[in-house]
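Colleague: Using only what follows, build the 3D model:
(chains A and B)
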2 protein chains.
Amino acid sequence: METMTLSVDAVPDQDRKGPGRPRSARVDEAIVEAVFELLSSGQSADAISIEAVAAKAGVGKATIYRRWPNKEALLIDAVLAMKGPLPEPRGESVREDLVTQVAAMRNKRMAQYGKVTACLMPELFKSGEMTRVYQGVVEPRREVMRGILRRGIASGELRADLDVELCLLVLSGPTLAQNMLRWNPNVPDENFAENLVDFVLQGASA
Amino acid sequence: METMTLSVDAVPDQDRKGPGRPRSARVDEAIVEAVFELLSSGQSADAISIEAVAAKAGVGKATIYRRWPNKEALLIDAVLAMKGPLPEPRGESVREDLVTQVAAMRNKRMAQYGKVTACLMPELFKSGEMTRVYQGVVEPRREVMRGILRRGIASGELRADLDVELCLLVLSGPTLAQNMLRWNPNVPDENFAENLVDFVLQGASA
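Modeller: Got it, this is the predicted structure:
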């Protein structure tokens, strides 16, 4: 993977100095949006160059170098922006908190999000570095879910012998599969989060 | 997608005429294996040409054209060969039959299988035709699982109000996610099928 070692200090970032920083925020957004658009047009992470991002965002390469130390950091920010903010669990009921988290994995940019994830897949296989990037994005989200499950065990809402890691996978795997490809086209999108969480809580046995 | 309209009847397939057809079977296998190797080396389905398959398999292009009407049919056979034979449910217990099916999704060529699936993902997104190919492979397997679940409802082993389609997704989604990418690296590979099925049957609630 291409690395960019230009220090942030090497070039003063004048865009960031103004009060309220409206121009800087717009520039940041345009750059992240450009990465997102390149990925969702089917470009692999490996194939994306800083030149292409700069051209698409309408900025110079130096503007990107001033903001992100390397392509990996830029990709992390683009994937994070794609995923949107992580909702804070309210801590009132495990069911409600799980529904909120699963629903957040299925946001309004789902069609693009699934495509980006699908287009990142071969890259994640080829590059250990990209896998690390992705796990860096996924792990904090998994940790929030882990906290909800642990609280549920402590409160008695969940089984005392619950396999927390397997439960995380059973909540995220079906969501990933539907996001990327509507893996089972017979499962409706409507109320997906509620239906999945209720199913996982209740189980299939009579 | 490239289409090959040469009819199977247009060129007599002399390889298929001998008793026991040992040479023909070996040729079929070599061709399917070549497709599999090209896919698992990171080549996209779109990029794979009949020329490249022929060269890798050590056969002429006409030998491939005699056996498969088009690339789509060849890809279906390659994905089917990768997945291996679908085990017949024994019909004694729902749990045992589900474990057998989930275990069959995680076969001995898992590392390659996951990579091939991951490398097909962008293609599945780009091409409606490839999506149809893949659903053509997946749907018969889903139908076997559907049969097991319906029998479980009838026998009283499963809840009468079970959402069969959602249950299929909850069994296949986590399996897909682990196959492709060990999505949650904290879930062990050992006894994966047993652990997943037991979890799905029992549910997470106290």
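
Colleague: the domain parsing of chain A - what is it?
Modeller: A:8-80, A:85-202 (automatic domain parsing).

Colleague: Next up, identify which helix or strand residue A:188 is on.
Modeller: Per DSSP states H and E: residue A:188 is located in neither a helix nor a strand.

Colleague: Least confident of the domains of chain A, on average?
Modeller: Lowest mean pLDDT of those: domain A:8-80, a mean of 77.

Colleague: what's the distance between that domain and the middle of its chain?
Modeller: Domain A:8-80 sits 17 Å away from the centroid of its parent chain (CA atoms, centre = their mean, to the nearest Å).

Colleague: quick one on the thing from earlier: output the domains of chain A in TSV, with mean neighbour count appended to each entry.
Modeller: Every residue, glycine included, has its C-beta placed from N, CA and C. Shown next, in TSV, are those (neighbours: other CB atoms under 10 Å in any protein chain shown):
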stretch	mean neighbour count
domain A:8-80	16
domain A:85-202	18
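
Colleague: Now distance to chain B too, for those domains, in TSV please.
Modeller: What follows is the domains of chain A, written out as TSV (distance: least, CB to the nearest CB, whole Å):
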stretch	distance to chain B
domain A:8-80	6
domain A:85-202	3
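
Colleague: mind giving me TSV with those and columns for distance to residue B:54?
Modeller: Shown next, in TSV, are the domains of chain A (distance: least, CB to CB, whole Å):
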stretch	distance to residue B:54
domain A:8-80	27
domain A:85-202	24
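
Colleague: can I assume residue A:31 is in contact with residue A:50?
Modeller: No - counting by CB atoms under 8 Å, residue A:31 sits too far from residue A:50 to count as a contact (9.8 Å).

Colleague: where do the contact lists of those two overlap?
Modeller: Counting by CB atoms under 8 Å, 6 or more residues apart in numbering or on different chains, the contacts common to residue A:31 and residue A:50 are residue A:64.

Colleague: ok, then the element right after the longest helix along chain A?
Modeller: If you go by DSSP state H, chain A has its longest helix at helix A:128-155. Counting by DSSP H and E, the next helix or strand C-terminal to helix A:128-155 is helix A:164-181.

Colleague: sorry, back to before: check which helices and strands the longest helix of chain A sits against.
Modeller: On a contact count with 3 or more CB pairs under 8 Å, 6 or more residues apart in numbering or on different chains; DSSP states H and E, helix A:128-155 meets helix A:71-83, helix A:94-105, helix A:110-126, helix A:164-181.

Colleague: Do I have it right that residue A:160 meets residue A:154?
Modeller: No - in this structure residue A:160 lies outside contact range of residue A:154 using CB under 8 Å: 9.4 Å.

Colleague: check contacts around the closest residue to chain B within chain A.
Modeller: At 2.3 Å from chain B, residue A:203 is the closest residue in chain A, using CB to the nearest CB. With contact taken as CB under 8 Å, 6+ apart, residue A:203 is in contact with B:199-205.

Colleague: which residue packs closest to it, ignoring adjacent ones?
Modeller: residue B:203 (2.3 Å; CB to CB, 6 or more residues apart in numbering or on different chains).

Colleague: ok, now which ones touch the most centrally placed residue in chain A?
Modeller: Nearest to the geometric centre of chain A sits residue A:83, at 3.8 Å (CA atoms, centre = their mean). Counting by CB under 8 Å, 6+ apart, residue A:83 touches A:104-105, A:107, A:113, A:137, A:141.

Colleague: What residue, apart from its backbone neighbours, is nearest residue A:201 spatially?
Modeller: Spatial nearest neighbour of residue A:201, chain neighbours left out: residue B:205 (4.5 Å); criterion: CB to CB, 6+ apart.

Colleague: now residue A:131
Modeller: That would be residue A:124: by CB to CB, 6+ apart, it lies 5.1 Å from residue A:131.

Colleague: One more: residue A:119?
Modeller: Nearest to residue A:119 is residue B:122, by CB to CB, 6+ apart, at 4.7 Å.

Colleague: swap in residue A:174?
Modeller: residue B:173 is the one closest to residue A:174 (CB to CB, 6+ apart), at 3.3 Å.

Colleague: doesn't residue A:177 make contact with the one you found?
Modeller: Yes - with contact defined as CB under 8 Å, residue B:173 and residue A:177 form a contacting pair (3.9 Å).

Colleague: Mutual contacts of these two, please.
Modeller: residue A:183.

Colleague: For residue A:59, grab phi and psi.
Modeller: Main-chain torsions, residue A:59, degrees, to the nearest 10: phi -130, psi 170.

Colleague: Could you verify my assumption that it touches residue A:30?
Modeller: Yes - with contacts counted by CB under 8 Å, residue A:59 reaches residue A:30, the gap being 6.9 Å.

Colleague: and the residue nearest to residue A:203, backbone torsions?
Modeller: phi 80, psi 170.

Colleague: ok, it to residue A:170 distance?
Modeller: As judged by CB to CB, to the nearest Å, residue B:203 and residue A:170 stand 10 Å apart.

Colleague: joint contacts of these two?
Modeller: Here residue B:203 and residue A:170 have residue A:200 as joint contacts, going by CB under 8 Å, 6+ apart.

Colleague: Which of the helices or strands spans residue A:47?
Modeller: Per DSSP H and E, there is no helix or strand for residue A:47.

Colleague: Over to the one 4 residues further on?
Modeller: Using DSSP H and E, the element containing residue A:51 is helix A:50-57.

Colleague: I'd like the next helix or strand past that helix.
Modeller: Following helix A:50-57 in sequence order, the next helix or strand is helix A:61-67 (DSSP H and E).

Colleague: Let's see that following helix as PDB, backbone CA atoms only.
Modeller: Provided in PDB are the C-alpha atoms of helix A:61-67 (Å, rounded to 0.1, in the frame of the first residue of the first chain):
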ATOM      1  CA  LYS A  61      -2.700  16.500  -3.400                       C
ATOM      2  CA  ALA A  62      -1.000  18.600  -0.800                       C
ATOM      3  CA  THR A  63      -4.400  19.400   0.800                       C
ATOM      4  CA  ILE A  64      -4.900  15.700   1.300                       C
ATOM      5  CA  TYR A  65      -1.400  15.100   2.600                       C
ATOM      6  CA  ARG A  66      -1.900  17.900   5.200                       C
ATOM      7  CA  ARG A  67      -4.900  16.200   6.600                       C
END
